[in-house]
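Colleague: 3D model of this:
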Amino acid sequence: MMLNLFWCLFMKLSEIKNALRAEVICGHDQMEVNVSGGGAADLMDDVLAAVAKGSVLLTGLTSDQALSTARIAGVLAIVIVRGKRPDANFIKAAISYGIPVLTTRYSLFVACGKLYMEGLRGLDGSW
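Modeller: Numbers count the residues shown, from 1 in each chain. Alright, predicted model coming up:
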């Protein structure tokens, strides 16, 4: 039973992509990587306080600050919501950092709900 619970705690990036009907901007070769949880924020202080290494960050920000903060926090991937698209410099930096970037048309609220319904949990330990 413990083994089954352990495996439920992870979700592949490809599963996140499918659940959010997302487009992969960069990091196509990393879609089979396991994500340990998810967090959502547009305030980068919140990311540093709450988002853990190996997690996915959902955000509406496409600034260099968002990418730098994700790198410092050890975020595994970034999903940009509301159909926003990062500029070329953001994409180039994400590639150099090895951070996959996806974009979805869903709002931040709906994207988080969809991932929660698929089994991805927040980083506060809540079920």
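
Colleague: Which helix or strand in the chain has the lowest average pLDDT?
Modeller: helix 2-8 (a mean of 39; mean pLDDT, DSSP states H and E).

Colleague: For Leu58, list the residues it contacts.
Modeller: If a contact means Cβ atoms under 8 Å, 6 or more residues apart in numbering, then Leu58 has Gly38, Gly39, Ala40, Ile78, Val79, Val81, Leu108, Ala111, Cys112, Leu115 as its contacts. Every C-beta, even on glycine, is put in place using the N, C-alpha and C of the backbone.

Colleague: let's see it at 10 Å
Modeller: By Cβ atoms under 10 Å, 6 or more residues apart in numbering, the residues touching Leu58 are 16, 20, 38-42, 51, 77-81, 102, 104, 106-109, 111-112, 115.

Colleague: List only buried entries from those residues.
Modeller: 16, 20, 38-41, 51, 77-81, 102, 104, 106, 108, 111-112, 115 (16 or more other Cβ atoms under 10 Å).
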